[in-house]
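Participant: Sequence and predicted model, in that order:
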Amino acid sequence: MISLMVAGLVLGVFGCAGETTPTTSTPTATTPTQPTLQPVTLKVATVVAPPESSMHGELVQAWEDMITERTGGAVTFTNYLNCALGKPAEHLTLVEQRTVDVVFTSGLYTPTVTALQDYEYVFPFGPTDPHIIGQAKRQLLEEIPALRAELAAHNIEIIAQVPTCTFSFTSREPITNLADFAGKKCAVIGRWFGEWVGTIGAVPVTLPGQERYTALQTGVIDTSFNPIDWQYMFKDIEVAPYVLDPGIFISNTMSFWMNKDTLNSLPQEVQDIIIQAGKDVETLAADEVQPHWMTKVWEEWEKNPSYQYYKLSDEEKAEWAANCPDTPAVWAAEMEQQGHPEAWDIVQRYQEICAEKGFTWIREWGVK
């Protein structure tokens, strides 16, 4: 549990009162008392480990530190890390019912409720630059009202969305090319990854990241597809030291969700600080934290004497992409049937915005 308890005045937000100049004809005016914020401690539940072992734990801490500093110590936090208050899928309910004020989680854990939130997961071979994906998702959050409305229906405000590191395959035995996937049991999360790996002959096994170490160790699965920062957090490399880096995907799904009643109960100045800190932590993640962890994980893994690194060739990526189903189109059509015709706009605009920011798509997705 991390608790930052620093009390102080809010400077630069409320402003400083000036002094009046005494005269013989007018009594000296007294300087008004500097306005202060009432101290408040917000409860935060996360699905990630502490900062020393988790990139996302570091970003949670950074966001909190920004707010505590900018409110002069008035706003502090009590953290319940690493699913201390419930399973990942329960975090939406935790914040909706105001058991906690903020959660750090992902819409992937509640797909029937948050079906629109993690649309980048339906795009195979998407951007691997955290700036591109982060800016695209922030822009779409402002362009497509349904993205905020989906969570607002559960009394939740989206504060920030931050990236993962690149996704890789960690395996019990070497997998160096697409042919090696034939018959291999591959741990994935969600539906779409299963469809992607199925096209290269792997057998998808839906399994939470927390359970994959043991599954790899015991041979329940042969390989695991996950962000390298999560594989690092779960120490998968100890039992699966063979790494294939396909260079095809990062996500921007991990999110700060805040109870709207809590947010609205705070002074407007504090609300503004919280919202701006969300934007700033997105920038910090792309500029500094994600690149640092990309380097850190590879360097730490190299210390394992059994570690072997392989890179998927551009030719094999093109072959894989050509054979992948058009999962963005499938997703958009299903969302339309569920009353979300704007899903087609999301698919189209996401590709357009990423292209405008310099990303070249390997093929067109979301074709009606």
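Facilitator: Okay, I see it. Numbers count the residues shown, from 1 in each chain.
Participant: Let me know how buried the closest residue to Gly358 other than its chain neighbours is, in neighbour terms.
Facilitator: Leaving aside its sequence neighbours, Gly358 sits nearest to Ile132 (C-beta to C-beta, 6 or more residues apart in numbering; 6.6 Å). Using the backbone N, CA and C atoms, a C-beta is placed for each residue, glycine as well. Per other C-beta atoms under 10 Å, the neighbour tally for Ile132 reads 22.
Participant: and the closest residue to Tyr121 other than its chain neighbours, what pLDDT?
Facilitator: Nearest non-adjacent residue to Tyr121, counting by C-beta to C-beta, 6+ apart: Trp192, 5.6 Å away. pLDDT for Trp192: 93.
Participant: same question, the one 4 residues further on
Facilitator: The predicted local distance difference test score for Trp196 is 95.
Participant: Next, count neighbours for it.
Facilitator: 24.
Participant: tell me which element it is part of?
Facilitator: Using DSSP states H and E, Trp196 maps to helix 190-198.
Participant: Relative to the helix or strand just after that helix, what are the paired strands and their orientations?
Facilitator: For helix 190-198, the succeeding helix or strand toward the C-terminus, using DSSP H and E, is strand 203-206. Strand 203-206 sits in its sheet next to strand 185-188 (parallel), going by DSSP bridges.
Participant: From Gly183, how far out is Ile221?
Facilitator: Here Ile221 is placed at a distance of 12 Å from Gly183 (C-beta to C-beta, to the nearest Å).
Participant: try Thr128
Facilitator: 28 Å.
Participant: So between those two, which is more surrounded?
Facilitator: Relative neighbour count places Thr128 above the other of Thr128 and Gly183, with 17 against 9, counting by other C-beta under 10 Å.
Participant: show me the contacts for that one.
Facilitator: Residues near Thr128 by C-beta atoms under 8 Å, 6 or more residues apart in numbering: 166, 247-250.
Participant: swap in Ser251?
Facilitator: Per C-beta under 8 Å, 6+ apart, neighbours of Ser251: 118, 120-121, 133, 163-164, 167, 227.
Participant: ranking the residues you listed by neighbours, who comes first?
Facilitator: Neighbour-wise, those (other C-beta under 10 Å) top out at Pro163, 31 neighbours.
Participant: Next, that one: phi, psi?
Facilitator: Dihedral pair for Pro163: phi -80, psi 160, per degrees, to the nearest 10.
Participant: try the one 5 residues further on
Facilitator: Backbone torsions for Ser168, taken as degrees, to the nearest 10, come to phi -140, psi 170.
Participant: and the residue most central in space within the chain, bridged to which residues?
Facilitator: Closest to where the C-alpha atoms of the chain average out (C-alpha atoms, centre = their mean) is Met254, at 1.8 Å. Beta bridges link Met254 to Val162, judged by DSSP bridges.
Participant: Hmm, it is touching Leu108, no?
Facilitator: No - taking C-beta atoms under 8 Å as the definition, Met254 is not a contact partner of Leu108, at 9.4 Å.
Participant: is it true that the residue nearest to Gly358 touches Lys357?
Facilitator: Yes - judged on C-beta under 8 Å, Ile132 makes contact with Lys357 at a distance of 4.7 Å.
Participant: between those two, what contacts are shared?
Facilitator: Joint contacts of Ile132 and Lys357 (C-beta under 8 Å, 6+ apart) do not exist.
Participant: Walk me through the domains of the chain.
Facilitator: 40-125+147-162+253-296, 167-250+304-345 (automatic domain parsing).
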